[in-house]
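**Student:** Got a predicted model here, sequence first, then my questions.
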Amino acid sequence: MKYNNLNFNGKTILITGGSGFIGSNLAFYFQNNFPESNIVIFDCSRTKEVLDNGNLKSFGHYLNLIDFKGHIICGDLNKKDDLEALNNFSFDYIFHHAAISDTRVKDQDIILRTNLNSFYDVLELAKRNRSILVYASSAAVYGSLDSPQCIGNEKPDSPYGFSKYMMDQVAGNFSKKHSKMTIVGLRFLNVYGPNEFFKETTSSMVIQLGIQLLAGKSPRLFENSDRIFRDFIHIDDVVKANILACSPKKNGVFNVGLGKSRSFKDISDILQSELGTNLEVDYFPNPYNSYQMNTLADLTQSKESLGFDPKISLEEGIKSYVPEIKRIYNLIKDDQSK
């Protein structure tokens, strides 16, 4: 499905973080809808390197790119020599999704080097190439503020959230200085859908609960999960936002959510209905001292400036996702039996 009238055929497109969740979905959108486009992925290869919380540094995986026909450049945004390889291309569009995206990482140095410092290089690359630049911000910039989450009312309470907040400030200043450039940031809420599995423990509640249920295990939820609400948005609507951001009415940063909040308990109930299970929920204490109880994107500016109007309800999104969750579960089961 094409989301606007832009023709990307014949265009050269850079996707940083292209082996990850959002980046890989974006790559296949272009490949499937614009077969004459020239797609370049720049991303770190997955290693066993972990961060201070024990989670992997890179969530990208080659299995997210099976059947991809474009270019893949293995590189680290923090290494100038790796970035030199991008000078062999002239990019019409840059989608910057590479980042350390784990909100629970406390190592401020690596977060700011990877997310913020490297962003200056991406901005300069876009300026040299006269590229349209769309980059991933995050709803983490809002911290634990009450809903709805509104542009202009930010209070990050994690190194990750702060890094994205500073990216927005840098992009805004760069845009003012280079007013002919198109620079758009997208603040994603709770994204779910195909190709998120390799995010492991940072993947959405949808796939984590789905795999638990398929294994015959009771869905594990925090106590009072009927009062924990999130704005869940399907990956297809996120891809749509990226495409619409290529022709905005104005530069800026915009929320990308469904504009509706649903509880963790709702996720469990919808999954059980789709999977035909009826397992009792296993409630356990929330281990986090600081925890956002409600997220809800204010989409006013997103609709006005991007024409963004998400269409996929949580029920529809989970229903379409279930076959993929089953496929992944069967792969896990087969791997464990070897």
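**Tutor:** Sure thing, it's come through.

**Student:** OK, contacts around Y160?
**Tutor:** If you count contacts by CB atoms under 8 Å, 6 or more residues apart in numbering, Y160 has them with I100, S101, D102, T103, V105, I111, N115, S138, A140. C-beta coordinates here come from the backbone N, C-alpha and C atoms, glycine included.

**Student:** Farthest-apart pair in those residues, please.
**Tutor:** For these, the maximum inter-member distance is 13.0 Å, found between V105 and S138 (CB to CB).

**Student:** neighbour-wise, which of those two wins?
**Tutor:** Under the criterion of other CB atoms under 10 Å, the comparison of V105 against S138 puts S138 first, with 25 against 20.

**Student:** starting at the chain centroid, how far to the longest helix along the chain?
**Tutor:** Secondary structure of the chain per DSSP state H: the longest helix is helix 314-337. Centroid separation for helix 314-337 versus its chain: 19 Å, with CA atoms, centre = their mean, to the nearest Å.

**Student:** buried stuff in that helix?
**Tutor:** Going by neighbour count (16 or more other CB atoms under 10 Å), the buried part of helix 314-337 is L314, G317, I318, Y321, V322, E324, I325, I328, Y329.

**Student:** The closest residue to the last one other than its chain neighbours: neighbouring residues, count only.
**Tutor:** It stands for Y329. Ranked by CB to CB, 6 or more residues apart in numbering and with sequence neighbours excluded, the top spatial neighbour of Y329 is L214, at 4.3 Å. L214 sits with 19 neighbouring residues when counted by other CB under 10 Å.

**Student:** If I follow the layout properly, L214 ends up in contact with L275?
**Tutor:** Yes: using CB atoms under 8 Å, L214 is in contact with L275, at 6.7 Å.

**Student:** Need the distance between the two termini of stretch 48-62.
**Tutor:** Start and end residues of stretch 48-62 are separated by 14 Å (CA to CA, to the nearest Å).

**Student:** Please work out the average pLDDT along that stretch.
**Tutor:** Averaged over stretch 48-62, pLDDT sits at 71.

**Student:** same thing with stretch 302-311?
**Tutor:** Mean predicted confidence for stretch 302-311 is 97.

**Student:** Please enumerate residues in contact with it?
**Tutor:** 4, 184, 233-234, 237, 240-241, 244-245, 248-250, 252, 254-259, 299.

**Student:** Going by neighbour count, which of these are buried?
**Tutor:** Among the contacts of stretch 302-311, those classed as buried by 16+ other CB under 10 Å are 184, 233-234, 237, 240-241, 244-245, 248, 252, 254-259, 299.

**Student:** Which members of those residues are positioned in helices?
**Tutor:** Checking those against DSSP H, those in helices are D237, K240, A241, L244.

**Student:** The last one contacts Y3, doesn't it?
**Tutor:** In this case it means L244. Yes: with contact defined as CB under 8 Å, L244 and Y3 form a contacting pair (6.0 Å).

**Student:** Near R128, how many other residues are there?
**Tutor:** Using other CB under 10 Å, R128 is surrounded by 12 other residues.

**Student:** For the closest residue to I72 other than its chain neighbours, which three-state class applies?
**Tutor:** Closest residue to I72 apart from its sequence neighbours, by CB to CB, 6+ apart: I41 at 4.9 Å. With DSSP: H, G, I helix; E, B strand; the rest coil as the basis, I41 sits in strand.
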